[in-house]
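S.K.: Fold the stuff below for me.
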Amino acid sequence: MLDHLEDKERVQYICKVMYESQQIPVFLLDANREIEFAMPSSFECAPWVHNLNEPLSEITKSSNRENNSNGNGPTSTVPIVRTTNFLENYIILHLPSDNSNGGSIVIGPSLYAQPTEDNVASLMRDHEVPLKFQEQWLKYYRSLTVLNKMRLYHTAMLLYSLVTGKTLTLSELLLDSRILAYKQLPSG
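M.R.: So this is what the prediction gives:
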């Protein structure tokens, strides 16, 4: 039934279903890694992000680069689970280039656990952010959905099944899940 993505409406439908079922932001990026569709339509960015396209583009670019350098030929359609240096988790699924103009679906950010005030203060020190911004950071982290690892992995597996119509085992997913060496963005 869902052998391939053939049109934008189907991809947007999948994005809507994923957002409504998990309550995690979902973004459809075009081949140039620009946001084409977002659920919810308005999203409050992290305090250190001034343009949402920047971190999403960075996440998808690095995962695309890794997939192309792994010797497996074209970009893999297996979802990749990423954790940034800011503790945010993302699921990235690159769409086949012959469909939907080769964009990506990005689900996130989410967290494995709600960080404590001490965790946030430590994270801010690690990124050389003045503590006067702590309340802003805490507000951002409190706004994110918390999913444990298994639930996040199962969300990635569900996304894969909706997009491809195929099954994906947890082992297959974990083989492609890596920690993202995320570039440090300026804090403001």
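S.K.: what residues are up against Tyr141?
M.R.: Listed by Cβ atoms under 8 Å, 6 or more residues apart in numbering, the contact set of Tyr141 reads Leu87, Leu111, Gln114, Pro115, Val120. Bear in mind the C-beta positions are built from the backbone N, C-alpha and C, glycine included.
S.K.: Gln114: how many residues sit nearby?
M.R.: The number of residues packed around Gln114, counting by other Cβ atoms under 10 Å, is 12.
S.K.: Then Asn53?
M.R.: Other residues lying near Asn53 total 14 when counted by other Cβ under 10 Å.
S.K.: and if you look at the one 3 residues further on?
M.R.: The local packing count at Leu56 equals 23, with neighbours defined by other Cβ under 10 Å.
S.K.: I'd assumed Leu28 was in contact with it.
M.R.: No - in terms of Cβ atoms under 8 Å, Leu56 does not count as a neighbour of Leu28; the distance is 10.3 Å.
S.K.: Could you tell me which residues touch both of these two?
M.R.: Shared contacts of Leu56 and Leu28, counting by Cβ under 8 Å, 6+ apart, come down to Ile35.
S.K.: on that earlier part again, the contacts of Tyr141 in strands, which ones?
M.R.: Among the contacts of Tyr141, the members found in strands (DSSP state E) are Leu111.
S.K.: which of the contacts of Tyr141 tops the neighbour count?
M.R.: Val120 leads these on contacts (other Cβ under 10 Å) with 22 neighbours.
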